[in-house]
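1. sequence unknown, structure follows:
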């Protein structure tokens, strides 16, 4: 379950990077990239919760980080729909997502560390 979760989050990272690069370049990203980003993260979260339920307690940090990443993502989406572009929300979302992904990959690759 943890490997599948990591794979899903890798897809979310790729899609999020694509979205970020397009926004920074002033281009409108493909409409399908946001649903891919959100969907892959959602599926990855489900598999991560299943792995947690199966006894992998080292994922508790990842759960806390995932909640924070989701919260900033929802705030970003809400602010964007209101017509605002709040850079600190994007920065927090990205930094927390990087920490989350590094932690998840570390737990996946080095389970006994």
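-> Nice, I can see it. Predicted, not measured: the structure shown is a model, and the values here were computed from it. Numbering: from 1, shown residues only.
2. separation between the closest residue to residue 37 other than its chain neighbours and residue 109?
-> Computed as C-beta to C-beta, 6 or more residues apart in numbering, the closest residue to residue 37 that is not its neighbour in sequence is residue 15, at 3.8 Å. Every C-beta, even on glycine, is put in place using the N, C-alpha and C of the backbone. When C-beta to C-beta, to the nearest Å is the yardstick, residue 15 and residue 109 sit 22 Å from each other.
3. and those two? Which one has more around it.
-> Each of residue 15 and residue 109 had its neighbours counted (other C-beta atoms under 10 Å), and the higher figure belongs to residue 15 (22 against 11).
4. related to what we said a few turns ago, wait, the residue nearest to residue 37 sits on residue 29?
-> No: using C-beta atoms under 8 Å as the test, residue 15 is too far from residue 29 to be in contact (9.2 Å).
5. all helices of this structure, in order?
-> When assigned using DSSP state H, the helices of the chain occupy the ranges 2-24, 33-53, 60-81, 87-109.
6. what residues does the second one touch?
-> Counting by C-beta atoms under 8 Å, 6 or more residues apart in numbering, the neighbours of helix 33-53 from elsewhere in the structure are 1-2, 4-9, 11-12, 15-16, 18-19, 22, 59-60, 62-63, 66, 69-70, 73, 104.
7. with that, I have no additional questions.
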